[in-house]
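Peer 1: Turn this into a model:
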Amino acid sequence: MPSKSLNSRISAYKAIFSNGEFQRTYQDLVGIVQTLRTEFSKKYKSEYSTANVLHGYVDFTYFYLQNDYLKKKKLKLAIVFNHKNANFELWLLGQTKDVQVLYWKKLREVKWVNEGAMPEYSIFEVPLLLAPDFDNSTKLSESIHSQFKTLSKEIFNTLAAYE
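Peer 2: So this is what the prediction gives:
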């Protein structure tokens, strides 16, 4: 199905912005990711370097975490807010596309890896928090930190097993 022309999509685009709700919601969600980044930076200061928050288009808001082990392997972890699904994910990324392809092939048997097709931006993407409670920031933060701790440990054990 061919996509509509840009001109024919403009009215829907303008409607999304008309009452300011989209902008406020987007800014609030980005603010949550920025708060998480600050927390991760403080909480894991001795374990990881934490990059600034980055914005995809309107699809992803994320920040990278890297330690010496990941750096040697040219890998990064990313805490990602997926705007389309309104959930948090943990991604394993390569510093280059070649590194991502190498690890995607190497880790194909791992439960998180889609062996049929490599994700566009990562080696794999693991749900971190599927149904976040955005109105309870303390619970949200605790849940993400708890899941990150568990999943990152699993990811490091998996990477070590596939050396």
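
Peer 1: Please make it C-alpha for all contacts and neighbour counts, starting now.
Peer 2: OK.

Peer 1: just how off-centre is the worst-scoring helix or strand of the chain on mean pLDDT within its chain?
Peer 2: Lowest mean confidence among the helices and strands of the chain (mean pLDDT, DSSP states H and E): strand 54-55, at a mean of 91. The chain centroid and the centroid of strand 54-55 are separated by 10 Å, computed with C-alpha atoms, centre = their mean, to the nearest Å.

Peer 1: Now the element after it, going C-ward?
Peer 2: For strand 54-55, the succeeding helix or strand toward the C-terminus, using DSSP states H and E, is strand 60-66.

Peer 1: mind listing what that following strand pairs with, with the direction of each?
Peer 2: strand 49-50 (antiparallel), strand 54-55 (antiparallel), strand 75-82 (antiparallel) (DSSP bridges).

Peer 1: mind listing the helices for the protein?
Peer 2: Counting by DSSP state H, one finds helices in the chain at the ranges 6-17, 21-43, 68-72, 97-106, 137-161.

Peer 1: For these, give me TSV that also has distance to L129 and mean pLDDT.
Peer 2: What follows is those, written out as TSV (distance: least, C-alpha to C-alpha, whole Å; pLDDT from 0 to 100):
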stretch	distance to L129	mean pLDDT
helix 6-17	26	94
helix 21-43	13	96
helix 68-72	23	97
helix 97-106	23	96
helix 137-161	7	96
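
Peer 1: of all those helices, which lies closest to I123?
Peer 2: In terms of C-alpha to C-alpha, the element of those nearest to I123 is helix 97-106, at 5.1 Å.

Peer 1: Kindly calculate the angle that that closest one makes with strand 75-82.
Peer 2: Orientation note: helix 97-106 sits at an angle of 90 degrees relative to strand 75-82 (axes from the mean of the first three to the mean of the last three C-alpha atoms, to 10 degrees).

Peer 1: which one is S41 nearest to, not counting chain neighbours?
Peer 2: Once flanking residues are discounted, S41 sits nearest to T50: 5.6 Å by C-alpha to C-alpha, 6 or more residues apart in numbering.

Peer 1: What of A78?
Peer 2: Among residues not flanking A78 along the chain, Y64 sits closest, at 4.3 Å (C-alpha to C-alpha, 6+ apart).

Peer 1: can you pull the contacts of the spatially most central residue of the chain?
Peer 2: For the chain, the residue sitting closest to the mean C-alpha position, by C-alpha atoms, centre = their mean, is V80 at 1.9 Å. Counting by C-alpha atoms under 8 Å, 6 or more residues apart in numbering, V80 touches F60, T61, Y62, F63, F88, E89, L90, W91.
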